[in-house]
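S.K.: got a predicted structure plus its sequence, pasted below:
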Amino acid sequence: MTFWPNVVVATPAHSGVGASLSYRSELLLAPGTLVRVPLGQREVLGVVWECATEPPEGLTEAQTKAVASVLDGLPPLNARWRQLVKFAAQYYQRSLGEVALAALPPQLRELSNEQLARRLKRQAKAAHTLKTTTPTDAAPAPAPAASDGHDLSDEQRQALAALHSAQAPVLLFGATGSGKTEVYLRATREVLDTATPEGSSPTQVLVMVPEINLTPQLEARFRERFEPLYGADSVVCLHSGMTPPQRLNSWLAAHTGTARIVLGTRMAVLASLPGLRLMVVDEEHDPSYKSQEGARYSARDLAVYRAKVETEALRSAGQAGDPHPNPLPPAGEGAEAGTGSEPDVRCHVVLGSATPSLESWHAAEQGRYLRLAMPGRVGGGALPRLRLVDMNHQPKGAVLAPPLVAAMAERIARGEQCMVLLNRRGYAPVLACHDCGWKSACAHCSAYRVFHKLDRTLRCHHCGFTERVPRACPDCGNLDIAPVGRGTEQIEEHLSALLADVRRPDGGPARVARMDADSTRLKGSLEVQLATMHSGAVDVLVGTQMIAKGHDFRRITLVASVNADSALFASDYRAPERLFALLMQAAGRAGRDAAHSEASEMWVQTWYPQHPLFATLKKHDYPAFAAEQLTERAQAGMPPYGYQALLRADARTQAAAQAFLNRAAEHSQGLPYRDQITLYPAVPLTIQRVANVERAQLLVEAASRGALQRFLSAWQPVLLQCRSLPEARGLIRFAVDVDPLAI
Ligand code: ADP
Ligand code: ZN
Ligand code: ZN
């Protein structure tokens, strides 16, 4: 007998190839089965989407190619995973195959069945040896008391209890240092201990963080807590910094259920997790959850969707097995309200942050998410006091205000640490000639190359173009070319000089170190730098945003932000939200040890101390800040009160990019829902040219998500046609960005 499976393969949305391709097979292949199929001259990996018993219309047996091979060692990808992928593809306007295949580890394409079988066997063996130590279904073994860390604070206990019975996505609104991670750990423990029926997958938990490398402590805490209970392979990581074999191993472990906990970055949201019962999105406001290439998905939003899909499936499975299921309470009410009967099954999702995204905050205000607040710091430590330095009253040309430097000197003398935050790496953002006005522009981008003094280079941070610093002005020969503005390298140098006479309690000189993308480029250097900071060998750490994220340095009592102003007046309407989050997060690094917290301070140098953002920051009053911002957004019909998408175009010339966009807009007349859509004229991006590619975009707005979605789908064929218009000649690519983070 012959079957006709529909197979999705990695075809980009714009290739014109349909969502799935028909093949022939002697076997009835279950949906989700991984196969290798011929495509053109190659053989590619594909996922069976469905399997027909009749040949597709208009095709004969001879016209279809046969499936080359089946990856038969692997269980098929389940229906929930396929539903997630399908949703992501539709919502973000990409092809099914592109999203599906991007979610699979690249190495899966290369391995033979024999190699695959060997890997699986190795993992199964490891899993088997730990079976004996795993709590069984019948009798969950009591945990060794030591592995459960601290006694929970009242706030943590309440949050955990509420999470347990939550009927909606949970927004864990916890101050920095309130012990959110401990809540994640406990919730994970509860889920993993849950007994599952014979033959079903063991329960699993997905924990996502913005950048895993920046939070080695988190991984350590999960391993320490769970490996003794569930075995050495029970915790795996999934992020783009891993080698292909590592990624494959983690993915396989998650897919087969060997791994019980997956710690990962945004890509992990699409991992196959058959026993998924809990998802954590830590620092849920972080922009890195939104992908900036390929399918531009938001891992946070997909996690919320995935929880819904998993919950629905769990419930219908429960009902299928039980002819008289307990009626479930309606959403929003307590799960175990009174009856004392079988607890509700669901897959929980927890979004954690001290400064939630306005989208999530709004959802909580509306009651769509359950907000759980943990305002206090563990151990009762105080949040740092905000000190604004009015730069209008500082000596002319001062980069660091004298009172700030004095305060730092005092801390160092007491054996405490300081952190200085600056959003620019390198020595100076521009090198300039004061005679003729030459500036270190990049030849390939509409941007300046940054001066890096350490290796005396000019480097473009957009395209990577790097040259030695010229001896003299390339235009007029003037020898006096000078840096303009300041980057982390310069602040480091400057601070070392300013603090040269300061002594640590041990009599040694103050030590200043820098941490940014340059200093951590080499493998392992980040870990070394974090360790030096933890050990107390460094007194002042200068760096970019990366130093503000998640680190639990115990002896920091002063954090300073030296040039926050640019974000106050940025054209991007999300800039204030980001600045507030960054400053709160940075402040959260200070005073984490309650013993030092009373004296801990956050210093902000600004030319605009009267700016209302600082008033709410001073009170650590995120709710007030969010309320202000949401009022503004509501008035302007901006997200979360309106919905946006961007159509982006890259081309050889700016004219071609804009022509493509504007023609696409003109040709959208008459499309479904067009009357509910506002299309703005095409504009160049802020950095218009990168690596000799001209970039432009067009903003699409709608008052309803549904209208936007349907319009965008209907618009796709028009976009494909507009590619070949004569005035769009030179167009390289286009992409739709749904719910864009930056306009
Ligand atoms: P957050 O993620 O909210 O910033 P963490 O979970 O990192 O906070 O907790 C901050 C510090 O407090 C960590 O060092 C953690 O080990 C500690 N901690 C968390 N919960 C407790 C508790 N209940 N008792 C004592 N210490 C705790
Ligand atoms: Zn010159
Ligand atoms: Zn460049």
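M.R.: Yep, it's here. Ligands and ions are numbered 1, 2, ... in the order given.
S.K.: count of residues packed around the residue of the stretch 501-650 of the chain found nearest ligand 1?
M.R.: Of all residues in the stretch 501-650 of the chain, Asp552 sits closest to ligand 1, at 5.2 Å by C-beta to the nearest ligand atom. The C-beta positions use only the backbone N, C-alpha and C, and glycine is treated the same way. Per other C-beta atoms under 10 Å, the neighbour tally for Asp552 reads 17.
S.K.: Gly73 is in contact with Ala117, correct?
M.R.: Yes. The pair formed by Ala117 and Gly73 meets the contact definition of C-beta atoms under 8 Å, at 4.8 Å.
S.K.: so between the two, which is more surrounded?
M.R.: Neighbours of Ala117 and Gly73, each counted by other C-beta under 10 Å, are more numerous for Gly73; the result is 18 against 15.
S.K.: so what's whatever residue of the stretch 601-743 of the chain ends up closest to ligand 2 up against?
M.R.: Going by C-beta to the ion, ligand 2 is nearest to Arg689 of the stretch 601-743 of the chain, at 23.1 Å. Arg689 is in contact with His444, Cys445, Ser446, Gln654, Arg695, counting by C-beta atoms under 8 Å, 6 or more residues apart in numbering.
S.K.: tell me which of the residues you listed is nearest to Leu77?
M.R.: Arg695 (35.7 Å; C-beta to C-beta).
S.K.: helix or strand: which one has the closest one?
M.R.: Under the criterion of DSSP states H and E, Arg695 resides in strand 693-702.
S.K.: which helices and strands sit right next to that strand?
M.R.: For strand 693-702, the elements it packs on are strand 643-651, helix 654-666, strand 677-679, strand 683-690, helix 705-722, judged by 3 or more C-beta pairs under 8 Å, 6 or more residues apart in numbering; DSSP states H and E.
S.K.: give the next helix or strand downstream of the longest helix seen in the chain.
M.R.: For the chain, the helix with the greatest residue count under DSSP state H is helix 299-321. The helix or strand immediately downstream of helix 299-321 is strand 348-353, counting by DSSP H and E.
S.K.: contacts for whichever helix or strand comes after that next one next, please.
M.R.: Counting by DSSP H and E, the next helix or strand C-terminal to strand 348-353 is helix 358-365. Outside helix 358-365, the residues that touch it by C-beta under 8 Å, 6+ apart are 169, 171, 173, 284-285, 300, 351, 353, 356, 369-371, 577, 626, 629-630, 633, 639-640.
S.K.: I'd like the average pLDDT over helix 358-365.
M.R.: The average pLDDT for helix 358-365 rounds to 98.
S.K.: could I get the buried residue list for it?
M.R.: Under the neighbour-count criterion of 16 or more other C-beta atoms under 10 Å, helix 358-365 has Leu358, Glu359, Ser360, Trp361, His362, Ala363, Ala364, Glu365 buried.
S.K.: buried ones in stretch 373-386?
M.R.: Within stretch 373-386, the residues scored as buried using 16+ other C-beta under 10 Å are Ala373, Met374, Gly376, Arg377, Val378, Gly381, Leu383, Pro384, Arg385, Leu386.
S.K.: number of residues surrounding the single nearest residue of the stretch 151-300 of the chain relative to ligand 2?
M.R.: Using C-beta to the ion, Gln292 is the residue of the stretch 151-300 of the chain that sits closest to ligand 2, at 36.7 Å. Neighbourhood size, Gln292 [other C-beta under 10 Å]: 12.
S.K.: contact partners for it?
M.R.: Taking C-beta under 8 Å, 6+ apart, one finds nothing in contact with Gln292.
S.K.: ok, now how distant is it from ligand 3?
M.R.: Going from Gln292 to ligand 3 by C-beta to the ion, to the nearest Å gives 18 Å.
S.K.: helix/strand/coil for that residue?
M.R.: Secondary structure, DSSP: H, G, I helix; E, B strand; the rest coil: Gln292 is coil.
S.K.: so what pLDDT did it get?
M.R.: 91.
S.K.: hmm, Asp593 and the residue of the stretch 501-650 of the chain closest to ligand 1 touching each other?
M.R.: No. Counting by C-beta under 8 Å, Asp552 stays clear of Asp593, with 9.5 Å between them.
S.K.: report the buried residues of stretch 519-531.
M.R.: Neighbour counts over stretch 519-531 (16+ other C-beta under 10 Å) mark Ser519, Thr520, Leu526, Gln529, Leu530 as buried.
S.K.: give me the phi and psi angles of the closest residue to Ala428 other than its chain neighbours.
M.R.: Excluding its sequence neighbours, the residue lying closest to Ala428 (C-beta to C-beta, 6 or more residues apart in numbering) is Pro483, at 3.2 Å. Per-residue torsions, Pro483: phi -70, psi 140 (degrees, to the nearest 10).
S.K.: follow-up on the earlier one: what sits against the residue of the stretch 501-650 of the chain closest to ligand 1?
M.R.: Neighbours of Asp552 in contact, by C-beta under 8 Å, 6+ apart: Gln217, Arg592.
S.K.: for it, give its distance to ligand 3.
M.R.: As judged by C-beta to the ion, Asp552 and ligand 3 stand 37 Å apart.
S.K.: for that residue, helix, strand, or coil?
M.R.: coil.
S.K.: my read: Arg411 touches Val405, true?
M.R.: No. Using C-beta under 8 Å as the test, Arg411 is too far from Val405 to be in contact (10.9 Å).
S.K.: the two: which has the busier surroundings?
M.R.: Taking other C-beta under 10 Å, Arg411 and Val405 do not tie; Arg411 has more neighbours (23 against 18).
S.K.: quick one, what contacts that one?
M.R.: By C-beta under 8 Å, 6+ apart, the residues touching Arg411 are Gln417, Cys418, Thr557, Leu558.
S.K.: the same query, at a cut-off of 10 Å, please.
M.R.: Arg411 makes contact with 417-418, 502, 510, 539-540, 555-558, 596, 599-601, according to C-beta atoms under 10 Å, 6 or more residues apart in numbering.
S.K.: do Leu499 as well
M.R.: Val405, Met408, Ala409, Ile412, Cys418, Pro509, Ala510, Arg511, Val512, Asp539, Val540.
S.K.: recalculate using a threshold of 8 Å.
M.R.: Val405, Met408, Ala409, Ile412, Ala510, Val512, Asp539, Val540.
S.K.: ok but the third one is inside a strand, no?
M.R.: No. Membership of Ala409 in a strand is not supported by three-state DSSP, which gives helix.
S.K.: that one contacts Val502, correct?
M.R.: Yes. Under the criterion of C-beta under 8 Å, Ala409 makes contact with Val502 at 4.6 Å.
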